[in-house]
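Asks: next one to model:
(chains A and B)
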Amino acid sequence: MLARRIIPCLDVKDGKVVKGVQFVGHEVLGDAVDMALRYRDEGADELVLYDITASAEGRTVDYNWVRDIARALDIPFCVAGGIRSAEQAVKCLNSGADKVSINSPALERPDLINELAEMAGSQCVVVGVDSRELDNDYYVHQYSGDPDKIRAAGRRTLDWVVEAAERGAGEIVLNCMNQDGVRKGYDIRQLRLVRDLIDIPLVASGGAGAPEHFTEVFDQADVSGALAASVFHKKIIHIPDLKRDLQKAGIAVRI
Amino acid sequence: MSQVVVIELGCANTASVLFALERLGAEAVLSSDASEIRAAPRVVLPGVGAAGFVMSRIHELGLFDTIRGLTQPLMGVCLGQQLLFDSSEEGDVACLGLIPGRVTKMEAPKPLVVPHMGWNQLQAVREDPLTAGLNVGDYAYFVHSFVCPVTEHTLAQSTYGAPFAAMVRKGNVWGCQFHPERSSAAGAKILENFLTL
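Replies: As a prediction, this is how the structure comes out:
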């Protein structure tokens, strides 16, 4: 049985995991390699490492820490942040990343998805979508890493995910912004709508606050994976306990 | 120190295979040089991407006969396992013909999604030096949309929609459909076994 994936997301700056994208004066939580290995040991199925300084500094990912993580880690990981060209993505993959996630650059130039899929294969290409509910519909947002630059991208979420899949995305990570940081649970309704529209894996993001939120999102939205950050970093949820809860609820997990 | 040559085909994602072998204390070298490949004690055929593209790379690099003629342990990983078979439906391409059978598109009826991406369990694991220490129910990390048929050469199978060959062996040729370098303890066990073949 294919297991549902539990995916911690780590914000990385200069090889360190930091807390909070929006705040000035990041609090350092630890070394990226150490934290990646800690989550691996706790049973994380995959990691997303987000280079938070890349976009703001107008550069791409620092390939050195990607390489350090790849050397140490024996579970898959995805790199996000500042990847604007197929060449940069391939450099990440050549440094040992299993997948790259693109978000704002894919909205600026959707052909990037096709180029990446052709060069590296769809399985390496994750499209991250930041989506916000508005007037009973959902709209994609851009530059969500920077509170001064964030804006609506002028696309309906339900159109964009279909287009991304058609262009060759191998996976969609849907970040439901209304839920983000609130810890009241994933946006089941929105995730279910997207899930029914696409036939590639969907990963839920935004809103995890308690173990039952993971049970709900797997049961009701049928997502392949669930991503979370703060609840893991702040030790509100311990992955081994979470997986035992999921298993008890009849959800296939890797233990 | 065990030496391994990982065949360089110019596609992404070979670094993680090299790193995994290095973690186990092996000396792993990336090469597309026929004589270096022939001289290696062990050879890994990695592969990410499309079967047609990678087969054309193998031909361009003049490595088709080299790979087919190897007598030392050879392990295909992911697409590398698929290329060991006679042919693939992906691009309708002739492959290396080291293991009989045709690779086909994964049949995964809704609500299953493709690619088959994530951790799945190994079933019906057959005894073999490569599977020593593995157990039925162990998880491995898969990412693929095409599948190898279950035949007499299957060492372990998994199921997604339908059963498929997760590990294969014929003579000096082995294959893993999943990524052992990304499959935690079970994957490390397989690579460790490969290094002692």
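Asks: at which residues are the helices of chain B located?
Replies: Remark: helices assigned in chain B by DSSP state H are B:15-23, B:34-39, B:51-60, B:64-68, B:79-83, B:184-195.
Asks: which residues does the nearest residue to B:L195 once chain neighbours are set aside contact?
Replies: Take B:L195 and drop its neighbours on the chain: the residue closest to it by CB to CB, 6 or more residues apart in numbering or on different chains is B:S2, 4.4 Å away. Just so you know, the C-beta spots here come from the backbone N, C-alpha and C atoms, and that holds for glycine as well. Contacts for B:S2 (CB atoms under 8 Å, 6 or more residues apart in numbering or on different chains) come out as B:G25, B:A26, B:E27, B:P41, B:R42, B:L195, B:T196.
Asks: quick revisit: buried deepest among the helices of chain B, which one?
Replies: Stretch with highest mean neighbour count among the helices of chain B: helix B:79-83 (a mean of 27; mean count of other CB atoms under 10 Å in any protein chain shown).
Asks: now do it: which elements does it pack against?
Replies: strand B:42-45, helix B:51-60, strand B:162-170, strand B:173-176 (3 or more CB pairs under 8 Å, 6 or more residues apart in numbering or on different chains; DSSP states H and E).
Asks: sheet partners, orientation included, of the first one?
Replies: Taking DSSP bridges as the criterion, strand B:42-45 sits next to strand B:3-7 (parallel), strand B:74-77 (parallel) in its sheet.
Asks: okay, those in JSON lines with mean pLDDT and mean neighbour count next?
Replies: What follows is the strands paired with strand B:42-45, written out as JSON lines (pLDDT from 0 to 100; neighbours: other CB atoms under 10 Å in any protein chain shown):
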{"stretch": "strand B:3-7", "mean pLDDT": "95", "mean neighbour count": "22"}
{"stretch": "strand B:74-77", "mean pLDDT": "97", "mean neighbour count": "28"}
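Asks: quick check: the residue nearest to B:A162 when sequence neighbours are not counted vs B:G47, distance?
Replies: Closest residue to B:A162 apart from its sequence neighbours, by CB to CB, 6+ apart: B:E107 at 5.5 Å. As judged by CB to CB, to the nearest Å, B:E107 and B:G47 stand 22 Å apart.
Asks: between the two, which one's more packed in?
Replies: B:G47 (26 against 12; other CB atoms under 10 Å in any protein chain shown).
Asks: I figured the more buried one hits B:G76, correct?
Replies: Yes - with contact defined as CB atoms under 8 Å, B:G47 reaches B:G76; the gap is 7.1 Å.
Asks: common neighbours of those two, please.
Replies: Taking CB under 8 Å, 6+ apart as the criterion, B:G47 and B:G76 both touch B:Q82, B:L83.
Asks: among the contacts of B:S2, which one has the most neighbours?
Replies: B:R42 (22 neighbours).
Asks: partners of it in the sheet?
Replies: Per DSSP bridges, the residues bridged to B:R42 are B:V4.
Asks: swap in B:G175?
Replies: Going by DSSP bridges, B:G175 is paired in beta bridges with B:G76, B:V168.
Asks: what's the neighbour count on it?
Replies: Counted with other CB under 10 Å, B:G175 comes out at 29.
Asks: isn't the residue nearest to B:A162 up against B:Y160?
Replies: No - counting by CB under 8 Å, B:E107 does not reach B:Y160; the two are 9.3 Å apart.
Asks: got CSV for the contacts of B:S2, with pLDDT too?
Replies: Formatted as CSV, those follow (pLDDT from 0 to 100):
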residue, pLDDT
B:G25, 95
B:A26, 96
B:E27, 95
B:P41, 97
B:R42, 97
B:L195, 96
B:T196, 94
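Asks: OK, contacts around A:D222?
Replies: Contact analysis of A:D222 by CB under 8 Å, 6+ apart lists A:R192, A:R195, B:P111.
Asks: which strand or helix spans A:W160?
Replies: Following DSSP states H and E, one finds A:W160 within helix A:157-167.
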